[in-house]
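Undergrad: With the sequence up front, the predicted model follows.
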Amino acid sequence: MAESVYLTSAAIGISETPRHSAIVRITHWINAISFFGLLISGVAILLAHPRLYWGETGNIGTPSLIDLPLPFLLGGQSGWGRYQHFLFAWVCVLNGVLYIFSSLLNGHFGKHLLPARAELSWTSAKGLLTNKQSPGAEDYNVIQRLTYLKVIFLLFPLIIWTGLAMSPAIVSVFPVLVTILGGQQSARTIHFLVAVLLVLFVLVHIAMVFLAGFKSHIRAMITGRP
């Protein structure tokens, strides 16, 4: 009887353990909303001039690096798009800082995202596409965790950097931000390419959620429990 009570209590304790912490859930949905806002406003800005250049300057009368298969629908600068893009960008940045700071404090990166050294060895290469996990790694395999880390620590910082490099006010104070990239048009082109990678990541992420069980994963990201 005592053993039965103990097992029941243990099972309850396990079920009461959140799959995702409150801070992860909150920052996840704020990031999702801000990313959608950035995508819509970014498309509006791009339609104003769907050509990409390299260097400091670029306009209709100069050779372009990439001609996107999009029409000049707006024919000029999209004021509302730039305003919304700027607003959602800062929401995304502040939310990201909160996520990274809290994750460093509570060990989220080490527990759930950082692969063990043994998982990165050549002998473990065959298991990269499986769901073999380290303790506490939830249901992320090695490739998923490495992808998340690259998005968090490579793509997001790069898109923030290139975004700041396109701001005349920021560049006037910190010109090195744009000179390293080769000019404001270079920053715009890199910004676009990184944005494409992030959109692809989100699409694959959503597809994986559907394949792994949409209801349980969404419920876990809302309530913390599958």
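TA: That came in fine, so what should we check first?
Undergrad: any weak-confidence spans in the protein?
TA: 1-18, 74-78, 118-139 (pLDDT under 70).
Undergrad: do that again at 80, thanks
TA: Under the criterion pLDDT under 80, the flagged ranges of the chain are 1-19, 60, 72-79, 112, 115-141, 225-226.
Undergrad: Mind telling me what element Asn31 is part of?
TA: When secondary structure is defined using DSSP states H and E, the element that contains Asn31 is helix 22-48.
Undergrad: Quick check: which helices or strands does that helix pack against?
TA: On a contact count with 3 or more Cβ pairs under 8 Å, 6 or more residues apart in numbering; DSSP states H and E, helix 22-48 meets helix 79-106, helix 184-223. For every residue, glycine as well, the C-beta is placed using N, CA and C.
Undergrad: Pick out the residue closest to the middle of the protein.
TA: For the chain, the residue whose C-alpha lies nearest the mean C-alpha position (Cα atoms, centre = their mean) is Val151; its distance is 5.2 Å.
Undergrad: That one against Val202, yeah?
TA: No: no contact is recorded between Val151 and Val202 when judged using Cβ atoms under 8 Å, the distance being 9.5 Å.
Undergrad: related to what we said a few turns ago, adding mean neighbour count and distance to Ser41, write the helices and strands packed on helix 22-48 out as CSV.
TA: As requested, the helices and strands packed on helix 22-48 are arranged in CSV below (neighbours: other Cβ atoms under 10 Å; distance: least, Cβ to Cβ, whole Å):
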stretch, mean neighbour count, distance to Ser41
helix 79-106, 15, 4
helix 184-223, 15, 11
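Undergrad: Make TSV from the ones you listed and add distance to His112 to it.
TA: Putting those into TSV (distance: least, Cβ to Cβ, whole Å) gives the following:
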stretch	distance to His112
helix 79-106	9
helix 184-223	13
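Undergrad: right, and those - which one's nearest Asn141?
TA: Counting by Cβ to Cβ, Asn141 lies closest to helix 184-223 out of the helices and strands packed on helix 22-48; the figure is 10.3 Å.
Undergrad: Distance from the closest one to the middle of the chain?
TA: A distance of 7 Å separates the C-alpha centroid of helix 184-223 from that of its chain, computed with Cα atoms, centre = their mean, to the nearest Å.
Undergrad: helices or strands next to it in the packing?
TA: Using 3+ Cβ pairs under 8 Å, 6+ apart as the contact criterion, the neighbours of helix 184-223 among helices and strands are helix 22-48, strand 51-52, helix 156-165, helix 176-179.
Undergrad: Distance to Phe214 and mean neighbour count added to those, as TSV?
TA: Rendered in TSV, the data for the helices and strands packed on helix 184-223 read as follows (distance: least, Cβ to Cβ, whole Å; neighbours: other Cβ atoms under 10 Å):
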stretch	distance to Phe214	mean neighbour count
helix 22-48	15	17
strand 51-52	36	20
helix 156-165	25	19
helix 176-179	40	16
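Undergrad: Same list (these) but as TSV, adding distance to Gln84.
TA: Listed next are those as TSV, based on distance: least, Cβ to Cβ, whole Å:
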stretch	distance to Gln84
helix 22-48	4
strand 51-52	21
helix 156-165	14
helix 176-179	23
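Undergrad: closest one to Arg145 among those?
TA: With distances scored as Cβ to Cβ, the stretch of these nearest to Arg145 is helix 22-48 (14.2 Å).
Undergrad: now the closest one: how far from the chain's centre is it?
TA: In terms of Cα atoms, centre = their mean, the gap separating the centre of helix 22-48 from the centre of its chain is 10 Å.
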